[in-house]
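[1] Structure for the following, please:
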Amino acid sequence: MTVRPADSALASLAQTLRIGRIDLLATRFRPALQKVVDALGCPFDLTPMIIPSAPGNSGKEADETMRALARQATRIVACSDNMLAALRDRLPGLSITTGLNPEPRKLRLFRVHPARLDADEDLRIVIWNDASEPKDRPTDRPTDRLVAETVAAVRDGGLAARFFSLDGSPTASSTALRDLGPADRFDLNKLVCILRPHLVWFTSPAPEALDSRVSAAIAQGLPILANAACGLGLRLADRPYTWILPADATATTVRDELAAIRGRWDSEYDHMRRTKVAPSFYPGSYLAWVGPDGPSQAEPAPGDATAPTRASFFASASILAAKKWRLFK
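    Model (predicted):
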């Protein structure tokens with residue numbers, strides 16, 4: 001339900017709804033936002049998903065609103081490496097908290113499921129592009145050149161690998177790089193089951209701070225290769241079958257990394273078994289302000305969860321089996 005009360009009614013509304021905290025999430029920093037925050041009269045967190053551009057009057061106003069709100073905020077939360085760097089640059093001297101997605105905490109739900117890689121098998125790599133980029137974009141962009149040169153370097157170097165592109169690529173061809181088309185045309189789970197990719201390669205960052213492509217890949221348990229510019233170092237830290245390329249990576253660098261990944265594919269299983277649940281900002285630290293008498297929505301700490309009973313285990317297994325049958329029916 002969406003309501004638009006008058007500013008004068010916001011304070012009483014907050015009291016009636018017992019609002020104890022506000023999270024200004026993904027706001028565009030319009031000037032009216034300051035009036036709303038003042039009227040509500042509650043402590044608040046600031047979680048930007050975009051950084052307003054300074055040029056122009058509207059950009060300058062948004063930038064001033066962001067700075068003013070940041071000085072008043074109880075916490076400023078950055079949800080990615082790139083956002084953390086941008087906020088540190090734009091808000092010098094202010095403390096910034098890193099709040100990553102809750103994915104690393106739910107290890108059993110987001111466990112990596114690498115496809116088998118035999119000695120005589122090609123390494124299958126899906127390059128997932130940014131769908132928001134225009135399809136007629138120029139082909140001389142650094143990321144597109146890197147992809148084209150990497151495909152050529154892999155072919156010339158004799159490395160057994162096949163490349164597939166999601167959401168288009170100006171350099172795609174029927175022989176070296178097969179274009180699968182827009183990602184939203186596919187049921188990603190079915191595509192993964194059929195193609196069995198060994199790696200998803202993210203070459204460029206998404207426009208939003210929280211990359212939904214990465215969320216989808218993590219949910220499918222896919223191994224990930226990402227360029228440094230994607231800003232995924234914090235989010236993917238200590239995840240097995242996950243590699244971040246250096247910022248100055250060349251086609252030769254990527255080819256050598258792919259060869260090394262192929263060489264240590266089996267040994268990554270040991271890393272996967274050793275990986276422990278990573279501490280998460282959400283919802284533990286995020287709700288720390290609530291106190292002992294607050295709501296109990298927070299997830300249990302690692303190791304606190306009790307084992308399912310025999311009945312609940314088989315009930316959940318039958319549901320999973322039914323879902324799998326519907327998938328392939």
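[2] ok, for L91, nearest residue in space, not its chain neighbours?
    In this structure, L91 finds its nearest non-sequential neighbour in A70, 5.1 Å apart by C-beta to C-beta, 6 or more residues apart in numbering. Any C-beta I mention is one placed from the backbone N, CA and C, and that applies to glycine too.
[3] name the element that neighbour belongs to?
    Using DSSP states H and E, A70 maps to helix 57-72.
[4] Return the set of buried residues in that helix.
    62-63, 65-66, 69-70 (16 or more other C-beta atoms under 10 Å).
[5] again, but for stretch 248-263
    Here stretch 248-263 shows 249, 251, 254-255, 257-259, 261-262 as buried, counting by 16+ other C-beta under 10 Å.
[6] residues in contact with that stretch?
    117, 123, 125, 146, 149-150, 152-154, 157, 159, 161, 199, 225, 227-228, 243, 245-246 (C-beta atoms under 8 Å, 6 or more residues apart in numbering).
[7] same thing with stretch 155-166?
    Here stretch 155-166 makes contact (C-beta under 8 Å, 6+ apart) with 120-129, 147, 151, 154, 172, 176-183, 186, 195, 197, 255, 258-259, 262.
[8] What of stretch 61-75?
    21, 24, 28-31, 33-34, 37, 43-46, 48, 51-54, 76, 90-91, 94-95, 97, 289.
[9] Type out the ChimeraX command that picks the buried ones from those residues.
    Applying 16+ other C-beta under 10 Å to these, the buried members can be selected in ChimeraX as follows:
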select :24,29,33,37,44,45,46,48,51,52,76,90,91
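[10] Just the contacts of stretch 61-75: which are in helices?
    If you go by DSSP state H, those have 33-34, 37, 90 in helices.
[11] any chance of the residues you listed in a markdown table, with pLDDT and distance to A206 too?
    Formatted as a markdown table, these follow (pLDDT from 0 to 100; distance: C-beta to C-beta, whole Å):
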| residue | pLDDT | distance to A206 |
| --- | --- | --- |
| L33 | 88 | 24 |
| Q34 | 88 | 29 |
| V37 | 89 | 28 |
| R90 | 92 | 20 |
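[12] Now the helix or strand containing W201: average pLDDT?
    Assessed by DSSP H and E, W201 sits inside strand 199-202. Averaging pLDDT along strand 199-202 yields 96.
[13] name the helices or strands packed onto that strand?
    Judged by 3 or more C-beta pairs under 8 Å, 6 or more residues apart in numbering; DSSP states H and E, strand 199-202 is in contact with strand 123-128, helix 212-219, strand 224-226.
[14] for the stretch 51-200 of the chain, what spans make up the strands?
    75-78, 97-98, 123-128, 161-166, 177-181, 199-202 (DSSP state E, counting those that start in this stretch).
[15] Deepest-packed of the ones you listed, please.
    Sort these by mean neighbour count, taking mean count of other C-beta atoms under 10 Å, and strand 199-202 sits at the top with a mean of 24.
[16] CA atoms of stretch 219-238 as CSV?
    The C-alpha coordinates for stretch 219-238 follow below in CSV (Å, rounded to 0.1, in the frame of the first residue of the first chain):
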residue,chain,number,x,y,z
ALA,A,219,21.8,-18.3,-6.8
GLN,A,220,22.6,-20.8,-9.5
GLY,A,221,25.9,-21.8,-7.8
LEU,A,222,28.0,-20.8,-10.8
PRO,A,223,31.7,-20.2,-10.7
ILE,A,224,32.5,-16.6,-11.4
LEU,A,225,35.3,-14.7,-13.1
ALA,A,226,35.0,-10.9,-12.9
ASN,A,227,37.0,-7.8,-14.0
ALA,A,228,38.2,-5.6,-11.3
ALA,A,229,36.0,-2.7,-12.6
CYS,A,230,32.9,-4.7,-11.7
GLY,A,231,33.6,-3.9,-8.0
LEU,A,232,32.8,-7.4,-6.7
GLY,A,233,35.9,-8.0,-4.6
LEU,A,234,34.2,-7.5,-1.2
ARG,A,235,31.0,-9.2,-2.3
LEU,A,236,32.7,-12.3,-3.6
ALA,A,237,35.6,-12.5,-1.0
ASP,A,238,36.5,-16.0,0.0
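[17] Any buried residues in that stretch, and which?
    Within stretch 219-238, the residues that count as buried by 16+ other C-beta under 10 Å are 220, 222-227, 229-232, 234-236.
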